[in-house]
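# Provide a 3D model corresponding to the input given below.
(chains A, B, C, D, E and F)
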Protein chains: 4
Amino acid sequence: MIVGKPRFKSREERITEIQRAAKKLFFEKGYQNSTVDEIARLLEIGKGTVYFYFKNKDDLYISLMTPVTEEMGKGLKKFENEIDKGKFENGCDIIKGFFKVFYSLYKYDAEGIKIVQSFQQGDLFPKMSSETFETLNNLARFSYGVMRNIILKAKKMGFIKKTLDEFALADILWATFIGVVQLEESKFRATKKDHLYKTLNYAFALIARATCDDYDNSKIKKYFDLRL
Amino acid sequence: MIVGKPRFKSREERITEIQRAAKKLFFEKGYQNSTVDEIARLLEIGKGTVYFYFKNKDDLYISLMTPVTEEMGKGLKKFENEIDKGKFENGCDIIKGFFKVFYSLYKYDAEGIKIVQSFQQGDLFPKMSSETFETLNNLARFSYGVMRNIILKAKKMGFIKKTLDEFALADILWATFIGVVQLEESKFRATKKDHLYKTLNYAFALIARATCDDYDNSKIKKYFDLRL
Amino acid sequence: MIVGKPRFKSREERITEIQRAAKKLFFEKGYQNSTVDEIARLLEIGKGTVYFYFKNKDDLYISLMTPVTEEMGKGLKKFENEIDKGKFENGCDIIKGFFKVFYSLYKYDAEGIKIVQSFQQGDLFPKMSSETFETLNNLARFSYGVMRNIILKAKKMGFIKKTLDEFALADILWATFIGVVQLEESKFRATKKDHLYKTLNYAFALIARATCDDYDNSKIKKYFDLRL
Amino acid sequence: MIVGKPRFKSREERITEIQRAAKKLFFEKGYQNSTVDEIARLLEIGKGTVYFYFKNKDDLYISLMTPVTEEMGKGLKKFENEIDKGKFENGCDIIKGFFKVFYSLYKYDAEGIKIVQSFQQGDLFPKMSSETFETLNNLARFSYGVMRNIILKAKKMGFIKKTLDEFALADILWATFIGVVQLEESKFRATKKDHLYKTLNYAFALIARATCDDYDNSKIKKYFDLRL
DNA sequence: TATGAATGAGGCTTCATTCAT
DNA sequence: GATGAATGAAGCCTCATTCAT
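Numbers count the residues shown, from 1 in each chain, chains lettered A, B, ... in the order given. Below is the predicted model:
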C-alpha cells in the first residue's frame, strides 16, 4: 500500500483549513454538488484526513453553521449590553443596531449564512443526528430570545411602539435579512451588481419608520442616510 | 358520438400527473433525496415513462418552477389591471394587494415556491441549460417589471410616498415574502405550529405603515386587522 | 452517461446465475475477500444488476444458505418418511441413513455448507438483520427437530439404545459431519487428496457401532463396507 | 540491587498484551470486523506500536494460532509420555485422555481454536506468506503424528481394536472436537446455554464405546460419567 | 521505542439514464 | 406509448499502513 508523506499541522489549523475549503465549495456549487474528494483535492490532502476530523460529510457541513450561529448570539448579546448602558437613543437607532449586527454577520461569514438558510429550507433534516439538530436549535433559540429581549427593552424605554408584538417583529427582522440576502445574491450571480447593503439598509429603514413612535424623516436620514 | 375510454392518458394529463408527484416528493425530501424511481412508483408507472415526457430529472425539476412563476406574473398583472380600474383606494390597500397576490401564490403552489427559492439559492445553476435559465429569468423579470409599475402607479396616485425607490421596494416586498415563508416553514417543521399567515400579514402591515403617506392606525386595522 | 446494452434474462435465471458466481467466489476466497465487483465481472454484468436482485452483499451471501438449509430439511423429512414406511431394518441402517442425507447435501451444495459453517462461526452476526437471522434459525431448528424425531423413532423401534440422549446425538451427528467436512477440505487444499467420503463414512460407522444395541461387525461391514 | 520501574514494557509483555487484546476482539467480532485502531485503543497504546511488534494485521492474526497449536503439541506429547509410563489402563481411558487434552486446549485458549478453525476454512490462505503457512502446517503435522502414535500404542497395548485405522481415527477425533466446539458456540450465542462440556464428553464417550474392544457400560460410566 | 496524523486504495452502494421488448 | 431490467459512473466511507516527530 502506497501512502504519501504526511505533513503535519495542528488540529485547529487542519479543521479550519478544511472548513474553509468546504465552505468555498458548498458556496459555489451547493452542498450536494460538492464532493469530499474535491475538498481534499483542493487542499492537497488525503480524503481520509477529512474523515479524521469530521465524522462524515454532513457533520462537516453542519459544523460550518456553528461559527455564524454563535457569532450571531454574541453580536446580539453585545447589542443588548450596549442598550443597557444607554448607548442607544431612539427606535431608529435600535433598528439600525439590528441592521449592523446582521450585516456584520454577513461580512463575517456569508457562506455560513447561506448554509443556515439551506438548513432552514430543510434539505438536511433527514441526514442530521438529533443531537446535532438540538445543538443548532438551541443556538438559534438563544438568538431569538435575545432579539425579543431587545425589542421588549426598546418598548419599555419608549423607543418603539408598545403595541408591537415582539415575537412577530423578531421573526420579521430575521426573515427580512435572510430574504434580502438570498434575493440580492441571486441577482448578483446574474448581474454581478451588488445591491445587498443598499437594499438591506432600505428594508431596515422601512421597518424603523413603521415601528418607531416618534419618527420623523430626519432620524431616518440620520441613521439610514436616505429619504423615504 | 360515442368514444371508448382512451387506453392511455393524454400527454397533458401525464405531464401534470408526473409534476404533481415530483413536487410532492421534492417538497417532502428535497430534490437530491428524491429519486426518479420513487416518482414513478408513486404513480405506478414505469420509470421510462418519466423520461418519455421529461428530458431528464433536472428538466422535470425546473419545469416545476414554471407554473408558479407564470401564476405570479398573471396575479400581478391582474392586480395592476384592477388598480387601473380604480379598485384600490389607498396605500394600505395596495400593500394588502401585494400580500394577497403573494399569499395566493403560496396557497396555489407552496412547493413551487420552495423550488424557486432553491433556484435563487443557486443550487441548480451548474445543471441548467442556458436557455432554460433565460426562460425563467425572463418570467421573473416580467414580474419584477409589473411590481415596479404598480409601485409607480401608486406613487402617481398619491397612495404611497413619492420619495420611495420602486426598485428597492419591489425587492423588499418579494424578499420579505420569501424570507417569511422560509422561516415559518422551518419553524413549522420543528413546532408544527403554522404562523405563516399571521407573520406575513404582520410584515406587510409594517411595510404599509412605512410606505403610506397618509396612514393612520384605523387603516392598518381595516386592511390588516391588527394594531401596530 | 454511457450505458451498455442490457441483455435480458428471466428473473430466476439471473438470480441463480448471480448466486452461482457468488458461491464460487466465496468458496474460493472467503466472503470478505470477494467483492461485488468481482462477482459482476465474472458474469459480465453490471454491478448494479447484482443490487437489483439483492438488497446488499450480505443479503446475497445469506441467500446462499437457504437452498442447502431447505434441502437438508427436505432430505431429513424424506428420510423420516421412509423410516415410517419400514424401509430401514436396524440401527446401522439408520445411521447410514444420516450419512446419506448429509453426504448428499454435500454433493448437492458443498459451497452452501461452507457458508452455513461460517454463519455458525458467527462472522456475520453483526451484519444480519434480525428477520433474516430468524428465518435461518427457524430452518435450522426444523432440521434439528426432524433429526431428534428420527432418533426417537429409532429408539422406539429398538434399533438404537433407549438410553441415548436424542439432543446430544443429533448435535453430534451434525457436528461430526461439519467437523469432518471442514478438516478434509482443509487437507484437500494442502494435499489435493480427497478423503472426505472415506473419513465421513468411517466416522458414521463409529457412531453406528456406538449407538446400536445389536450391532455386530457384519452389519458395519454391510452398511459401511469396512471393518472396525 | 535496586532497580527503577522500567519506563517501557518488555518486548515479551507488549507482544502478549497485544495478542490478548487482538484475540478478544477477533473472538467477539471476527477478524474482518476488528480494526487495528480498536486493538490499540483497547490497550491505550498507539497504533504504530502494534506495527512495531507485528509486520501487519495478518501477521498478528496468524501469530495467535501459534500458542494454541504449540500447546496442543505439548499436551499430546505429555499424554503420550504418560501412556509410556503406564498411566492408562484401557481404551476408554485413552479416549478420555484425548478428550482431556482437547478440552484443556479449549480452556487454555478458546479464541485461538476459533482462529485455527477459520484458518482451516481457508479464509486466510490468500493473505499468508508461504513460510508462515509452512510453520503452521509443521506444527499441525507434528500433532497429528503424535495422535497417530498414541493410537498405534493403544492398539499395541490391546486397548483399542487392532483393525482401526489410525489415520481416520486421528482425523475423526480432531474433527469431532472442532465440529462440536463450533456447533455449541453457535448455539451458545443464540441461547446463552453452554452445553460444550456435556456434548463433547458425550461425543468422546461414543467414540470410546465404538473403538474399545473390551468396553462395557461400567467403563463408560467410570470415565465419562454417563450411560449410553 | 512509541505515537497518531495522514494517506489513498478499495469496497459498498445509489441512482440517473438507456433501450430492447 | 410504456416498461423495467440493466448499466456503470460516481459518491461515501473504512481502515491497513506509513513515517515524521
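# buried ones in stretch A:188-203?
For stretch A:188-203, the neighbour count (16 or more other C-beta atoms under 10 Å in any protein chain shown) marks A:195-196, A:199-203 as buried. Bear in mind the C-beta positions are built from the backbone N, C-alpha and C, glycine included.
# what's the burial count for residue A:60?
Neighbour count of residue A:60, defined by other C-beta atoms under 10 Å in any protein chain shown: 22.
# which SS state does it fall under?
Using DSSP: H, G, I helix; E, B strand; the rest coil, the structure places residue A:60 in helix.
# could you measure from it over to chain C?
Per C-beta to the nearest C-beta, to the nearest Å, residue A:60 is found 26 Å from chain C.
# need the pLDDT of that residue.
With respect to pLDDT, residue A:60 scores 92.
# now do the one 5 residues further on
For residue A:65, the model assigns a pLDDT of 88.
# show me the contacts for it.
Contacts here follow C-beta atoms under 8 Å, 6 or more residues apart in numbering or on different chains; on that basis residue A:65 touches A:112, A:115-116, A:119, A:136.
# which among the buried residues of stretch A:188-203 gets closest to chain C?
residue A:196 (38.6 Å; C-beta to the nearest C-beta).
# find the nearest non-adjacent residue to that closest one, please.
The shortest distance from residue A:196 to any non-neighbouring residue, by C-beta to C-beta, 6 or more residues apart in numbering or on different chains, is to residue A:184 (4.2 Å).
# all helices of chain A, in order?
Secondary structure of chain A (DSSP state H): helices at A:11-29, A:36-43, A:47-53, A:57-63, A:65-84, A:91-108, A:110-120, A:130-156, A:166-191, A:196-211, A:217-224.
# burial of the closest residue to chain B within chain A, as a residue count?
Using C-beta to the nearest C-beta, the closest approach of chain A to chain B is made by residue A:179 at 2.5 Å. Close neighbours of residue A:179, defined as other C-beta under 10 Å, add up to 30.
# how about it, nearest residue that isn't a chain neighbour?
Residue nearest to residue A:179 in three dimensions, not counting chain neighbours: residue B:179, with 2.5 Å by C-beta to C-beta, 6+ apart.
# how close does that neighbour sit to DNA strand E?
From residue B:179 across to DNA strand E, the span is 29 Å (C-beta to the nearest atom of the strand, to the nearest Å).
# could you dump the buried residues of stretch A:188-203 to JSON lines with pLDDT?
As requested, the buried residues of stretch A:188-203 are exported to JSON lines (pLDDT from 0 to 100):
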{"residue": "A:195", "pLDDT": "96"}
{"residue": "A:196", "pLDDT": "97"}
{"residue": "A:199", "pLDDT": "97"}
{"residue": "A:200", "pLDDT": "98"}
{"residue": "A:201", "pLDDT": "98"}
{"residue": "A:202", "pLDDT": "98"}
{"residue": "A:203", "pLDDT": "98"}
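# adding distance to residue C:13, write those out as a markdown table.
Below are these laid out as a markdown table (distance: C-beta to C-beta, whole Å):
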| residue | distance to residue C:13 |
| --- | --- |
| A:195 | 64 |
| A:196 | 62 |
| A:199 | 65 |
| A:200 | 65 |
| A:201 | 70 |
| A:202 | 69 |
| A:203 | 66 |
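# nearest the middle, which residue of chain A would you pick?
Nearest residue to the geometric centre of chain A (C-alpha atoms, centre = their mean): residue A:113, 4.2 Å.
# that one and residue A:107 touch, don't they?
No: using C-beta atoms under 8 Å, residue A:113 is not in contact with residue A:107, being 10.2 Å away.
# can you give the contact residues for the lowest-mean-pLDDT helix or strand in chain A?
Scoring the helices and strands of chain A by mean pLDDT, DSSP states H and E places helix A:110-120 at the bottom, with a mean of 85. Contacts to helix A:110-120, defined as C-beta under 8 Å, 6+ apart, come from residues A:23-24, A:26-27, A:30-31, A:61-62, A:64-65, A:67-69, A:105-106, A:124, A:136, A:178, A:181-182, A:185, B:121, B:123, B:182-183, B:185-186.
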